Structures are given as structure tokens and as C-alpha cells.
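> Following is a predicted model, sequence given first.
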Amino acid sequence: MNMTPTNFAAAEAVAQDAIVRFEAVSKRFPASRASGEVVALDGIDLDAARGSISAIIGRSGAGKSTLIRLVNGLEKPSTGKVIVDGTDIAPLGERALRSARREIGMIFQHFNLLSSRTVFDNAALPLEIAGVPRKEIEARVTPLLDLVGLADKRNRYPSELSGGQKQRVGIARALATRPKLLLSDEATSALDPETTLSVLALLRKINKELGLTIILITHEMEVVKSIADHVAVIEKGRIVESGTTFDVFTRPQHETTRALLAGIPGMTLPEFVQSRITQQPTPDSETVLRIVFTGTHATDPVLSRLSKDLGLEVNILGGAVDEIAGRPFGTLIVSFKGDDAKVAETRAFLTALGLTTEVLGHVA
Amino acid sequence: MSPDIAWLIVRATGQTLHMVSVAALIGSLIGIPLGVFLATSGRGELFHAPITNRVLGAIVNATRSTPFIILVVAIIPFTRMVAGTSIGTTAAIVPLTVATIPFVARLVESAIREVDPGLIETARAMGASPFQIVWKVLLAEARPGITLALTLTVVSLIGYSAMVGAVGGGGLGDLGIRYGYQRFMPDIMLAVVVVLIVLVQLVQSAGDRLARQFDKRARPR
């Protein structure tokens, strides 16, 4: 066992506990008849902490599928290292890779269940492949079907199941070999919103109860918001932003992140404001301000204090109160009349209350 | 119908069944693995061997494009080597088998190619070896398609077996030609046709039923 010396700097101690680490990873697909050389990944450095849920979000074609497939060696990096639990995956031969893969579960967008096998036999497949005796397979798969809530469907075929049930079978199957890591490749993208939430809740439960590290890729911010502890935003093969989900959501830095967040209520201006907003104030314009409430302030009566203490007349243009990675989070987009000094005073007042503000522009 | 004629028909049916079943069995034993290999050895596939794949594909095509009656005659030296004779029912099994192998291989290849490639990736992600992928995923998932392919093979073989009268193979086709046509005995011709229709029907409905049983994919119940 690795003992972490107590005199290690905190940052190093944290870095030590990365179960997956990408070091300067690039992936190029050689030129083919259909296209020139494709650089799918370019200089990726990324850690996934043991026991966490880490999300990689990006648009389609951003490179996220390639990135997650490097972890279990379905793709090999062109350069760099992919270190999984202390071992660089990239140089492993087929045999070593096969045994490494048995410790990494994976679930898929289209579930990828065998139509010819029952629920039980689908979940048992990785154990059959690993050569586990039938008796032990029975003893291991049965509790897994209980865990995912499909004990009563064990002799059904996939064609008799709903999408959410199919993904639960996929999850049971991924857990059968007791992996140390679960990879999720757009696992909820083919599901309706309600089913998505129940599958995400199951993943969260598995993460908590089994302490299983989960790395997921998605193009849906809602998925990241509801379960991920950390998020990395990928665009054109590069990580453009990463951090705790809460930080990235509440203070998005990169344009891509903002664009991906656009679907989340309260993140963007309503269309009727967006079309009239200008960067320069005009004599009669109002200042548009985004106020971000985080943590315990999310429910404070800020608006009434603005009008009482500062005498402001505030218009509400948009807003939402939400929960991100389990923490309350609210945004409010307001406009009010006032010169630069008044705006500065208002922002200082709000900052003193522990809120974050951002001037978005001016509307006439 | 005289007892003599009845005996002729029974004997010819027996010869046909003998030739068809042996050719189908040996043809499948070689054709199924060949079909699996053809489906999995293309560029970047499970058993990446694009050159072997192309050579085998060309041989399969060549055999399939040779008319069966020509094949029967063309491979007589080979038949003599394998069966010890070039005449008779046993000898006729050789060209029937040779024709069956590429037939089965192509049909099995297309049945295997129907399997979702995502399942291959899934099995690889579980740490499956290429042979485990073939056995537990490809063949298991393609079982309904392979069953139908073998059904079609047997039906085609019953048709092909009518031509081996040319090398004294006997069987129902031979009976129909020699008695029904050349000796102008329409009752024998009719009997041969009826037996052939019944045989084909039996094989086809048994195959269909088996394939349906294997097929667990979504379908209205």
C-alpha cells in the first residue's frame, strides 16, 4: 500500500489520490480517404479523484468519447500517459489490458445489451468472461439486480424492458466484476428527463454506498449539475475549463462553458432583453445586473433590501433558484436606473451581503 | 402406383436425404467458421487480416459463380481423391459440400454483420478475448440469422441434389429425369415433385420456427 507521508503538501496529497490521470495526452487519427488527419485530443492534463463523480462535458465531436475510451484502452493515446490506479494503460499488451478492463465498468448511451440473453444473463456476462464459476455468478448477480431494482425482471429479455430498465441492467452488468471505476458514456442521453433523473439518482447512490469512482461524459449540463462533483469542459480536443461543478456553474469563464450553460434557467437573458441590450449606457437606459446567490444566501430577501436601503426601483428580468452538486444556487437578472456611482454603490452593497454581481449591459 | 415405383421413390428420397444431410453438416462445419472469419477480419476488425480476408472472399465468389453442374464435373479429380470414386451417391456428396461451404459462409457473414458493433465494443470493455466475443456475443446474437441461413442452405441443397444424377448420384431429381422425363412416366414425375415440395416445406417451417424461438428481439406479441 502507498502511505502518504504526512509532510506532503496538501495539493500533492490530493493529486496522489487521483484514480485516473491524463498526462499530456494527445490522440491523432491518421489521414484516411474520407478526411485528413484528425486531432481528436490535444494536450490533455486531467485528474479524476478517487471516490468522486467527475464529468467531462462537450459538444458532439469535441473529443469526449475518445477521452473516456482511453481510460479502458479501447483507444490508445498517440502521446502521453493515461494512468489508472497507478498503472499507465497505454503501453499494456492485449492480455494485461484485458485484466485491467475487468476492474473498469462501462455503461453506454444505447445500453448495448445482448438481445439473446435475459436480464440475469446480461448482468452475468462479464463474470462468465472472467471465468467465474456459475454458483458464484448467481451469488454475485442476484444482489446487484436487487440494487438496481430489477430483481423481478431477472428472466425477462431486454426487448421487454423500458429504456430506464435497460440502463439499470447495464449498470448491474458494469458492477458485476466489482470494478474500482465506472465509465459512463452518455448513459442518460437516450432517456426521457424523468428516467434520466432516476438513473442519475442510482449512479449517485452507487457512488455513495460502494464508494465507486464515476467518470461520465455528457453533452447535457443538467446531468453535470445533478450529480458531478467535478467537471471539465472539452472543446476541439482541449480542456478549456475545469473545476468543482459549483464553481464552474456559478462562475463560468470560457465561452464554450457559457454556451453549454445557456439551457440552464437563469443563466441567460430572456430574448426580449437580449435583443435590446447595449454595452454603452444611453442617457435614459437602465443597467442590467446579474446577481448570483450561492450557498446560504440563496434564499435571502435581497430585493426588498435594495429598495429599502438604497431606494432603488428594481425590475426583474429573469432568474432561477436551483441546486448544483447539492448546494443551493440562485441567479437573478435585474435592471434599475442609476448613474455609474449608483451602480458601484449597489454592487458594493450586494458584495457585502456575500453575493456575486456582474454588469451584463444596458437597456433603454 | 405399383410397389416397384413406390420403392423407387422411397429409395430416391433416402438418397436425397443422405446427400443433403451430409453435405449440409460438413458444409456448415466449415462454412460457419469461414463466415465468421469473413465478417471479422476486415480492416480494423476483431481479427484484422485484410489480405487473407480478400483472398478468401475471392475464392468464395469464384466458387459461388460457377454453375453447380459445371462444378460437379470440374472437380471430378478432387472428388475421386476424397471419396475414392467419382460415381455414386457418396461421390456426389463431395461437390455438394464444396458448393455449400461458400454459400453458408456468405450467409453467415451477413448474419454476423447484422450484430450491433456496439456489442463488440461492450464485450471488449469487459475484457473479453476475441474468441469470447465470437462465441458469447457474435454467434449468440446472430443465432436467429444463422438458423435461417442454414434453412436456406438445406433448401438450396435439395435443389442442387437434383443435378448430381449426372455423376450417378441418384436421388429424387435423378429419378424425375430418368423415369419421369426420359421414359415419359408422368406419375413418377408428379410423385417426385410432391415429395420435393413436402421436404422443402418441412425444412422451411422447422427452420422458421427454430429461428423465431431464438429471436428475443422486440416484436409484437
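All right, it came through fine.
> near chain B, which residues of the stretch 51-200 of chain A show up?
A:72, A:74, A:97-102, A:104, A:106, A:108, A:110, A:112, A:114-117, A:125-126, A:128-130, A:157-159, A:177, A:183 (C-beta under 8 Å from any C-beta of the partner chain). (Each C-beta comes from the backbone N, C-alpha and C, glycine too.)
> Mind naming the longest helix for chain B?
When chain B is parsed with DSSP state H, its longest helix is helix B:3-40.
> Run the chain-centre distance for that helix.
7 Å (C-alpha atoms, centre = their mean, to the nearest Å).
> the helices in the stretch 151-300 of chain A, which residues?
A:163-175, A:193-210, A:221-227, A:245-250, A:255-261, A:271-274 (DSSP state H, counting those that start in this stretch).
> Would you tell me which one of these is buried the most?
helix A:163-175 (a mean of 24; mean count of other C-beta atoms under 10 Å in any protein chain shown).
> where's that helix relative to the chain centroid, distance-wise?
19 Å.
> could you check the angle helix A:193-210 makes with it?
20 degrees (axes from the mean of the first three to the mean of the last three C-alpha atoms, to 10 degrees).
> So what's the residue count around residue 81?
Because you didn't say which chain, this covers chain A. 16 (other C-beta atoms under 10 Å in any protein chain shown).
> that's the other chain; I wanted chain B
11.
> Can you point out the buried residues in the longest helix of chain B?
Buried residues in helix B:3-40, counted by 16 or more other C-beta atoms under 10 Å in any protein chain shown: B:8-9, B:12-13, B:15-16, B:18-20, B:22-24, B:26-28, B:30-32, B:34-40.
> Could you name the helices and strands sitting against the following helix or strand past that helix?
Counting by DSSP states H and E, the next helix or strand C-terminal to helix B:3-40 is helix B:50-65. When contacts are defined as 3 or more C-beta pairs under 8 Å, 6 or more residues apart in numbering or on different chains; DSSP states H and E, helix B:50-65 sits against helix B:3-40, helix B:89-113.
> Following the chain onward from helix B:50-65, which element is next?
helix B:68-74.
> What is the very next helix or strand once past that next one packed up against?
Helices and strands here follow DSSP H and E; after helix B:68-74, the next one along the chain is helix B:76-83. The contact analysis (3+ C-beta pairs under 8 Å, 6+ apart) places helix B:76-83 against helix B:89-113.
> right, is the helix it packs on up against chain A?
No. Helix B:89-113 is not in contact with chain A by C-beta under 8 Å from any C-beta; minimum separation 12.7 Å.
> The longest helix of chain B to helix B:50-65, inter-axis angle?
160 degrees.
> Could you dump the helices and strands packed on helix B:50-65 into JSON lines with mean pLDDT added?
Listed next are the helices and strands packed on helix B:50-65 as JSON lines, based on pLDDT from 0 to 100:
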{"stretch": "helix B:3-40", "mean pLDDT": "94"}
{"stretch": "helix B:89-113", "mean pLDDT": "95"}
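> Now render these as TSV, adding distance to A:Ile217.
Shown next, in TSV, are those (distance: least, C-beta to C-beta, whole Å):
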stretch	distance to A:Ile217
helix B:3-40	28
helix B:89-113	28
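> out of the ones you listed, nearest to B:Leu196?
Of all the helices and strands packed on helix B:50-65, helix B:3-40 sits nearest to B:Leu196, with 8.2 Å by C-beta to C-beta.
> Report the angle between that closest one and helix B:89-113.
40 degrees.
> got any ranges where the chain has weak pLDDT?
Using chain A. A:1-16, A:265-268, A:295-300 (pLDDT under 70).
> That was the other one, I meant chain B.
B:1, B:218-221.
> List the contacts of residue 151.
Looking at chain A here, since you left the chain open. A:Ala151 makes contact with A:142, A:145, according to C-beta atoms under 8 Å, 6 or more residues apart in numbering or on different chains.
> think we crossed wires, I meant chain B
Applying C-beta under 8 Å, 6+ apart, the residues contacting B:Thr151 are B:203-204, B:206-208, B:210-211.
> Could you pick out the buried ones from the residues of the stretch 51-200 of chain A next to chain B?
For these, buried by 16+ other C-beta under 10 Å: A:72, A:74, A:97-98, A:100-102, A:104, A:106, A:108, A:110, A:112, A:114-117, A:125-126, A:128-130, A:157-158, A:177, A:183.
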